[in-house]
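Q: Here is my input; please provide its structure:
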Amino acid sequence: MLASVAVLVSGGGTNLAAILASPEIKHARVEIVISNNEDAYALTRAKEAGVKAVVCKSENEIHKYLEGIDLVVLAGFMKILSKDFVDRYKIINIHPALIPSFCGKGMYGLHVHEAALAKGVKVSGATVHYVNEVPDGGQIIEQKAVRIKDGDTPETLQKRIMEEAEWIILPRAIEKIAKEIYEI
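A: The predicted model follows:
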């Protein structure tokens, strides 16, 4: 049995592409991609992969598409969800830092990498965690560290963290949870 997955996105969908291409995910299938941004390239990625893609401007609209979904994956979804919403579903998120560092409200995208470089840390990375009502506050599922190099910019660090951490641990976490859902 395959766990049914909904992926919520707001932008380009690089993490979505990693999920869709991952050979590691054997016990889950992405059933739908939902975006709050009608211009998100992730919608094109989904359609090209044969996955249903829709735009929803509110949580009430999103609810309509989550009937029968086992796992909701936030992959660059740039909207804070209400407590009511996160209490209703099993939801995970990918964060581009090692939680509890550089996380919480306002810490997303390049802001995370700018903060890490400004602080002078030598290691950053990515974290997959369960979503609760506190931004980046849910239980950690997977983490992977990435060394910061001399001369890194927020953009180069972001790219390396995606390639060396996010695109590895997000599919791994989805597979792990899918197996738990069906006790495989």
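
Q: Now do the helices in this structure.
A: For the chain, applying DSSP state H gives helices covering 14-21, 41-48, 59-65, 83-88, 110-119, 154-161, 167-181.

Q: Out of these, the one nearest V128 is which?
A: V128 lies closest, by CB to CB, to one member of the helices of the chain: helix 167-181, at 4.1 Å. For the C-beta atoms, the positions are set from N, CA and C on the backbone; glycine is no exception.

Q: any chance of the helices of the chain in TSV, plus mean neighbour count and mean pLDDT?
A: What follows is those, written out as TSV (neighbours: other CB atoms under 10 Å; pLDDT from 0 to 100):
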stretch	mean neighbour count	mean pLDDT
helix 14-21	21	98
helix 41-48	18	98
helix 59-65	14	97
helix 83-88	14	96
helix 110-119	17	98
helix 154-161	17	98
helix 167-181	20	97
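
Q: Specify the stretch among the ones you listed that is closest to I34.
A: So among those, helix 59-65 is nearest, using CB to CB, at 5.7 Å.

Q: who does that closest one touch, helix- and strand-wise?
A: Here helix 59-65 touches strand 28-35, helix 83-88, going by 3 or more CB pairs under 8 Å, 6 or more residues apart in numbering; DSSP states H and E.

Q: Can you tell me which residue sits nearest the middle of this protein?
A: What sits nearest the mean C-alpha location of the chain, by CA atoms, centre = their mean, is A75, with 2.7 Å.

Q: Could you pull up the contacting residues of the residue lying closest to that residue once chain neighbours are set aside?
A: Spatial nearest neighbour of A75, excluding adjacent residues (CB to CB, 6 or more residues apart in numbering): N15 at 3.9 Å. Residues counted as contacts of N15 (CB atoms under 8 Å, 6 or more residues apart in numbering) are V9, A75, G76, I94, M162, E166, W167, L170.

Q: how near is N15 to L98?
A: Distance, N15 to L98, by CB to CB, to the nearest Å: 17 Å.

Q: Same check on I92?
A: 16 Å.

Q: on that earlier part again, now, the contacts of N15 that are in strands?
A: Cross-referencing those against strands under DSSP state E gives V9, I94.
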